[in-house]
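**Q** Only the shape, not the letters, is given here:
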């Protein structure tokens, strides 16, 4: 990729952020875009922000792949409407393996604009982090709902601010968790 192509790609991302960003993010992107375009003598009307290309994503498994597919699907539905929802697929790249005589998976990607890809990566990062934090709180909530937590003051050290917030979140989650009925399950197993 030539230096000019790299600059045009950066400008396309800035243009998309200027158009789709929120608040100061949008304003800052617009100012930066204008400054870069002026520096390199590029006409802002020549920037192609809506061109789609294939973007590689990291290898994801389990809930991370499910989350990425959900975000990609919503992004595509937002762009093309529900009638074209089939266009929201995440693609698998393959290459021919001469040794084995068959295709081997070579990566995963998504066809979208540069701006959509940046937006998708940002949302994925935030939601992944939040999911991991809430997953910890869910386990504690499950223990709490099933009366499996040690009673307060039974040798447990003072909680950090982070652990205290996790405990509060877990208490709120515990309200919606159905308590396991251990006695009935054990009786059914032993009978």
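**A** Sure, I can see it. Owing to the predicted nature of the structure, the values given are computational and were not obtained by experimental measurement.
**Q** Run through the neighbouring helices and strands of the helix or strand where residue 125 lies.
**A** Taking DSSP states H and E as the criterion, residue 125 maps to helix 114-145. Contacts defined by 3 or more Cβ pairs under 8 Å, 6 or more residues apart in numbering; DSSP states H and E place helix 114-145 against helix 3-20, strand 52-57, helix 62-80, strand 102-113, helix 161-174. To be clear about C-beta, it is placed using only N, CA and C from the backbone, and glycine gets the same treatment.
**Q** care to break the chain down by domain?
**A** Domains of the chain are assigned by automatic domain parsing as 1-49, 131-190.
**Q** If you average the pLDDT over the longest one, what comes out?
**A** Yep, that's domain 131-190 we're talking about. For domain 131-190, mean pLDDT is 76.
**Q** What of stretch 99-116?
**A** 75.
**Q** and it, which residues are buried?
**A** Neighbour counts over stretch 99-116 (16 or more other Cβ atoms under 10 Å) mark 108-116 as buried.
**Q** mind giving me TSV with those residues and columns for distance to residue 102?
**A** Formatted as TSV, the buried residues of stretch 99-116 follow (distance: Cβ to Cβ, whole Å):
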residue	distance to residue 102
108	18
109	20
110	24
111	24
112	29
113	33
114	33
115	37
116	33
